[in-house]
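Colleague: starting from these lines, generate the structure:
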Amino acid sequence: MPERSAPFDLVIIGSGPGGYIAAIKAAQLGIKTALVEKNKVGGTCLHQGCIPTKVLLHSADLYNKFLKANEYGITVDKLGINYPQFHRRKESIIKRLFNGIQFLLKKNGVDVFEGEGYLTSSNKVTIKKNGTDTGEINAKNIILATGSVPIIPKAIPYDKKHVLTSDDILMRVDIPKSIIIAGGGAVGVEFAYLFNILGSKVTIIELLNDILPAEDKEISATLRKILTKRGIDILASTSLENIQINNGVSVEVKRKINTPLPSTVNGNKEFLNADCLLLALGRTPALANIGIEKMSLIFKGKYLQVNEVMETSQSGLYAIGDITGVPLLAHKASNEGIQAVSHIAGRETTPINYQNIPRVTYCFPQVAGIGLTQEEAENESYKIKVGKFPFIANSKAVIDDEYEDGFVKIITDEKYGEILGMHAIGPNVGEMMWGMSLTTALDGTALELSNNMFPHPTLSEAILEAAHAAIDKPIHI
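Modeller: Numbers count the residues shown, from 1 in each chain. Coordinates of the predicted model:
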C-alpha cells in the first residue's frame with residue numbers, strides 16, 4: 001500500500017480495458033502512474049463479461065460444427081457436452097490473460113494498489129479495504145474508469161439462483177432445461193444462442209420492436225428469423241410485469257401487439273414458466289461510493305459529461321469507458337483511455353468519432369455494424385444508395401458451409417459515394433470491422449473500396465462485392 005500522500009502524476013481508479021490500457025500507455029509516455037482496483041485487474045470484461053462469454057460461445061460453436069461432422073467426412077463417436085469443462089477452460093483462459101495483464105503493468109512500471117478508490121478531492125484518492133482507509137495518493141491528474149454493473153430493477157426478486165444477471169450465469173455449471181431472457185440486446189442474444197445449442201428451451205422477451213434494436217432493421221429481422229427457426233421463442237414488444245419464484249420462475253408478461261405467445265393464461269394475465277430468468281436489461285454506470293457526490297460535476301442523464309479529451313467539468317479529473325455513455329464497449333473505453341493520457345502527456349489528440357465505433361454480437365451468425373444504419377441515414381435526410389451481397393454467393397462461406405441467410409450491406413451517400421455505414425450478418429463478420437473502421441475514418445467511398453484487392457477465397461470478398469453493388473452491380477450475383 002502507498003504511504004500517506006504518496007505523489008503520482010496520475011492515478012486511475014478501475015482496471016478494466018479502459019483503466020489498465022490507460023495506465024500502461026501513461027507509463028510508456030513517462031507519466032508516473034498508480035492504478036487502483038478493488039477486485040482483479042482486467043475488470044468486468046476479463047472476469048465477468050467479454051472474455052468468459054466468448055470462451056463459452058467458442059465451445060458451443062465447435063459443438064455445433066461437430067453435429068455436422070459427417071458432412072465433412074469426419075466420423076465422431078459419442079458426441080456430447082461436458083459443460084463443466086466449458087467452464088474449466090474459461091477459467092484457465094481468464095487466468096492466463098489476467099497473468100498477462102499483471103505482467104504488462106509491472107513491466108511498464110505501473111504501481112497497482114488493491115482496494116476501493118475514493119476521491120477526497122480533485123487530486124487526492126483514498127484507498128479503502130473493507131471500509132478502512134489503508135492509504136492515500138496525491139496526483140496531478142485522476143482518471144475514473146469504474147465501468148458499469150448490470151441493471152436490476154428493485155421490483156424484481158433477484159436471488160442469484162432463479163433470477164440471475166450475466167455475472168451470475170457465468171458461474172453456473174449446470175445447463176437449465178428452460179430459460180427466459182429479459183432483454184434482446186447483444187448480451188441477451190449471445191446467451192440465447194449459447195443455451196439453445198446446449199439444449200435449453202429459450203425464450204427472449206424484448207420491450208422494443210425487435211432483438212438487437214440498435215442494429216440495422218434488416219439485420220435484426222434476419223437474425224430473428226434464423227433464431228426462431230432454431231426453436232428460440234422471441235417475444236418483441238413485450239414487457240416484463242411481475243416475477244414469482246417457486247422451484248423456477250413464473251413471469252407475467254404484457255404484449256403491445258397481438259401475437260401468439262407460448263404462455264399460460266390466468267384470467268387476463270399471461271405467464272411464462274422456466275427454470276430461471278436471466279436479466280439482460282442493460283448496464284448502468286458504477287459511480288456509487290467513489291466520492292464524486294461532493295464534486296460539482298456535470299452529467300448527461302446518468303453518465304458523466306466529458307469534453308473531447310475525456311476531461312470532466314473539474315480540471316484534472318477525467319472519466320472514460322462505460323461511465324461516460326454509450327456505446328458500452330471495451331474498445332471504446334480503451335480508446336478513450338489513450339485519448340485522456342495523450343492529453344495529459346501534452347500530445348496532440350484527434351477527437352474520437354463515436355459514429356465510427358464498430359460493434360459485434362457473438363452469436364452465430366455473427367452480427368456486426370459500424371456507422372449509420374439505413375434507417376438512421378434516411379432519418380438524417382441523406383439520399384442513399386445501398387449495396388448488398390449475400391454470403392451464399394461467397395466461395396469461402398460455401399466452402400465452410402456457413403452462409404445461412406447472411407449478407408453484407410453497405411450504405412453510401414448517393415451524391416459523393418461516402419460510406420455512411422456497413423452492417424453484416426454472417427460468419428466471423430466482426431473480423432471485417434477493422435477495415436471498415438479505417439475506411440470510414442479516412443472518409444473512404446464505395447468506389448475507392450471497390451478498387452481495393454481482396455484475397456480469394458475469403459469471406460472479406462463480400463465487402464468488395466457489396467461495394468460494387470453500391471456503385472453499380474456486384475460481380476457474382
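Colleague: from here on, just use CA atoms for contacts and neighbour counts.
Modeller: Noted.
Colleague: tell me who's in contact with A286.
Modeller: Residues near A286 by Cα atoms under 8 Å, 6 or more residues apart in numbering: T146, G147, S148, V149, I323.
Colleague: how's this protein carved up into domains?
Modeller: 6-149+284-344, 163-279, 356-471 (automatic domain parsing).
Colleague: which one, of those domains, ends up nearest to A155?
Modeller: domain 163-279 (8.2 Å; Cα to Cα).
Colleague: any idea how far apart the tips of the closest one sit?
Modeller: The straight-line separation of the ends of domain 163-279 (Cα to Cα, to the nearest Å) is 7 Å.
Colleague: can you give the distance of that domain from its chain's centre?
Modeller: Here the centre of domain 163-279 is set off from its chain's centre by 19 Å, with Cα atoms, centre = their mean, to the nearest Å.
Colleague: re earlier: make JSON lines out of the domains of the chain and add mean pLDDT and distance to I477.
Modeller: Below are the domains of the chain laid out as JSON lines (pLDDT from 0 to 100; distance: least, Cα to Cα, whole Å):
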{"stretch": "domain 6-149+284-344", "mean pLDDT": "95", "distance to I477": "26"}
{"stretch": "domain 163-279", "mean pLDDT": "92", "distance to I477": "20"}
{"stretch": "domain 356-471", "mean pLDDT": "96", "distance to I477": "7"}
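Colleague: between those, which one is nearest to I156?
Modeller: Here domain 163-279 is closest among the domains of the chain (Cα to Cα), at 6.6 Å.
Colleague: export the domains of the chain to a markdown table and tack on distance to P157?
Modeller: Formatted as a markdown table, the domains of the chain follow (distance: least, Cα to Cα, whole Å):
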| stretch | distance to P157 |
| --- | --- |
| domain 6-149+284-344 | 17 |
| domain 163-279 | 7 |
| domain 356-471 | 28 |
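Colleague: thinking again about what came up before, which of the contacts of A286 lies closest to K160?
Modeller: V149 (14.7 Å).
Colleague: helix or strand for the closest one, which one?
Modeller: Assigning secondary structure by DSSP states H and E places V149 in strand 148-150.
Colleague: contacts only, for A23.
Modeller: I12, T33, A34, L35, L105, V110.
Colleague: related to what we said a few turns ago, pull up the pairing partners for the strand holding V149, direction included.
Modeller: Its sheet considered, strand 148-150 pairs with strand 283-285 (antiparallel) by DSSP bridges.
Colleague: packing partners for the helix or strand where C45 lies?
Modeller: Taking DSSP H and E as the definition, C45 sits inside helix 43-47. Counting contacts by 3 or more Cα pairs under 8 Å, 6 or more residues apart in numbering; DSSP states H and E, helix 43-47 packs against helix 50-66, helix 83-107.
Colleague: which residues are in contact with L56?
Modeller: F86, H87, K90, L194.
Colleague: quick check: of the contacts of A23, which lies closest to N64?
Modeller: Comparing the contacts of A23 against N64 with Cα to Cα places L105 closest, at 38.0 Å.
Colleague: once you drop chain neighbours, what's closest to the closest one?
Modeller: Computed as Cα to Cα, 6 or more residues apart in numbering, the closest residue to L105 that is not its neighbour in sequence is I24, at 6.2 Å.
Colleague: where does the one you found land in three-state SS?
Modeller: Under DSSP: H, G, I helix; E, B strand; the rest coil, I24 falls in the helix class.
Colleague: how many neighbours does it have?
Modeller: 24 (other Cα atoms under 10 Å).
Colleague: repeat for H343
Modeller: Neighbours around H343, by other Cα under 10 Å: 16.
Colleague: for stretch 456-475, output the C-alpha coordinates as PDB.
Modeller: Coordinates of each C-alpha in stretch 456-475 appear next as PDB, following Å, rounded to 0.1, in the frame of the first residue of the first chain:
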ATOM      1  CA  HIS A 456      -9.500 -15.000 -52.800                       C
ATOM      2  CA  PRO A 457     -11.200 -17.000 -51.500                       C
ATOM      3  CA  THR A 458     -12.100 -15.100 -48.300                       C
ATOM      4  CA  LEU A 459     -15.200 -14.000 -46.500                       C
ATOM      5  CA  SER A 460     -14.000 -10.400 -46.800                       C
ATOM      6  CA  GLU A 461     -14.700 -10.500 -50.600                       C
ATOM      7  CA  ALA A 462     -18.300 -10.000 -49.600                       C
ATOM      8  CA  ILE A 463     -17.300  -6.400 -48.700                       C
ATOM      9  CA  LEU A 464     -15.800  -5.900 -52.200                       C
ATOM     10  CA  GLU A 465     -19.000  -7.200 -53.800                       C
ATOM     11  CA  ALA A 466     -21.200  -5.000 -51.700                       C
ATOM     12  CA  ALA A 467     -19.100  -2.000 -52.700                       C
ATOM     13  CA  HIS A 468     -19.600  -2.900 -56.300                       C
ATOM     14  CA  ALA A 469     -23.300  -3.200 -55.600                       C
ATOM     15  CA  ALA A 470     -23.300   0.300 -54.100                       C
ATOM     16  CA  ILE A 471     -21.800   1.900 -57.200                       C
ATOM     17  CA  ASP A 472     -23.300  -0.300 -59.900                       C
ATOM     18  CA  LYS A 473     -23.700  -4.100 -59.700                       C
ATOM     19  CA  PRO A 474     -22.000  -7.000 -57.800                       C
ATOM     20  CA  ILE A 475     -20.000  -9.400 -60.000                       C
END
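Colleague: coming back round to it: distance to I180 for the helices and strands packed on helix 43-47 - can I get that in a markdown table?
Modeller: What follows is these, written out as a markdown table (distance: least, Cα to Cα, whole Å):
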| stretch | distance to I180 |
| --- | --- |
| helix 50-66 | 18 |
| helix 83-107 | 19 |
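Colleague: and of those helices, who's closest to K269?
Modeller: Of all the helices and strands packed on helix 43-47, helix 50-66 comes closest under Cα to Cα, at 34.6 Å.
Colleague: please enumerate the helices of the protein.
Modeller: Secondary structure of the chain (DSSP state H): helices at 19-28, 43-47, 50-66, 83-107, 166-169, 186-197, 217-229, 330-344, 374-379, 395-400, 433-441, 446-450, 461-471.
Colleague: do you know which of those helices lies nearest L279?
Modeller: Nearest to L279, of these and by Cα to Cα, is helix 166-169 at 7.1 Å.
Colleague: which elements pack onto the closest one?
Modeller: strand 276-279.
Colleague: and for D111, nearest residue in space, chain neighbours not counted?
Modeller: D111 sits nearest to A34 (Cα to Cα, 6+ apart), 4.7 Å away.
Colleague: over to I352?
Modeller: E308 (7.2 Å).
Colleague: that neighbour - how many residues pack around it?
Modeller: Counted with other Cα under 10 Å, E308 comes out at 15.
Colleague: ok, G80 next?
Modeller: Residues near G80, counting by other Cα under 10 Å: 10.
Colleague: A397 against Y403, yeah?
Modeller: Yes. Look at A397 against Y403 with Cα atoms under 8 Å: they come within range, at 5.5 Å.
Colleague: give me the common contacts of those two.
Modeller: F391, P427.
Colleague: so how far is L328 from P150?
Modeller: For P150 relative to L328 (Cα to Cα), the value is 12 Å.
Colleague: repeat that for K383.
Modeller: Distance from K383 to L328, by Cα to Cα: 30 Å.
Colleague: more neighbours, the two?
Modeller: L328 (19 against 11).
Colleague: now L317: how far from L287?
Modeller: L317 is 14 Å from L287, by Cα to Cα.
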